[in-house]
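>>> here is my input; please provide its structure:
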Amino acid sequence: MKLVKNYDLEILNHIEKHPDTTQADLATLLGVAVGSVNWYIKRLMNKGYIKVTQLQRRRLHYLLTPQGIAEKASLTASFMQASLNWYRVTRETSQQFLGEIKQAGYDTVCIEGDGDLAEVIYLTCLEWQIKVKKEIDRAYPIFRVDGLRTVMDWPTK
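Next up, the predicted model:
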């Protein structure tokens, strides 16, 4: 599973909330160059998702079109579906590893990484009544979040 950054959704969301935003603001939000934002904006305009009007000499006003609102809803639904899928895969993988961990006689693990997927792993450990050490200790199995994958590092004996 590969995470693809969807700038379209972020741009449409931001423009809906802040129609007087600047391309510099969008560049900062997305972490890309202003020239890239200009390209994204032109592409969204060509698809009919946004309209741009000039307020002042150097100020623009962005507006989502009905097609833009529909596209934003579709992108949001796709994002939610992908998020739920990552959640399910992380839970299933964590549960599989926890079964192996219990069978091997461990009652404590470590989690390396942070973010939403690490939180899912942590909550799954609590559900299975497996303790989670705050610091990494190589004497225990270590759950590692690697991108969107969950990996288990076993202690070396």
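>>> can you name every helix or strand that the worst-scoring helix or strand of the chain on mean pLDDT contacts?
Ranked by mean pLDDT, DSSP states H and E, the weakest helix or strand in the chain is strand 50-56, scoring a mean of 87. Using 3 or more C-beta pairs under 8 Å, 6 or more residues apart in numbering; DSSP states H and E as the contact test, the elements touching strand 50-56 are helix 34-46, strand 59-64. C-beta: built from backbone N, CA, C; applies to glycine.
>>> turn these into JSON lines, including distance to residue 154, mean pLDDT and mean neighbour count.
Formatted as JSON lines, these follow (distance: least, C-beta to C-beta, whole Å; pLDDT from 0 to 100; neighbours: other C-beta atoms under 10 Å):
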{"stretch": "helix 34-46", "distance to residue 154": "43", "mean pLDDT": "93", "mean neighbour count": "15"}
{"stretch": "strand 59-64", "distance to residue 154": "51", "mean pLDDT": "90", "mean neighbour count": "16"}
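>>> make JSON lines out of these and add distance to residue 80.
Output for the helices and strands packed on strand 50-56, formatted as JSON lines (distance: least, C-beta to C-beta, whole Å):
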{"stretch": "helix 34-46", "distance to residue 80": "21"}
{"stretch": "strand 59-64", "distance to residue 80": "19"}
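>>> any idea which of the ones you listed gets closest to residue 131?
Residue 131 lies closest to helix 34-46 among those, at 45.8 Å (C-beta to C-beta).
>>> what comes into contact with the closest one?
7-8, 11-12, 23-24, 26-27, 30, 50-52, 62, 68 (C-beta atoms under 8 Å, 6 or more residues apart in numbering).
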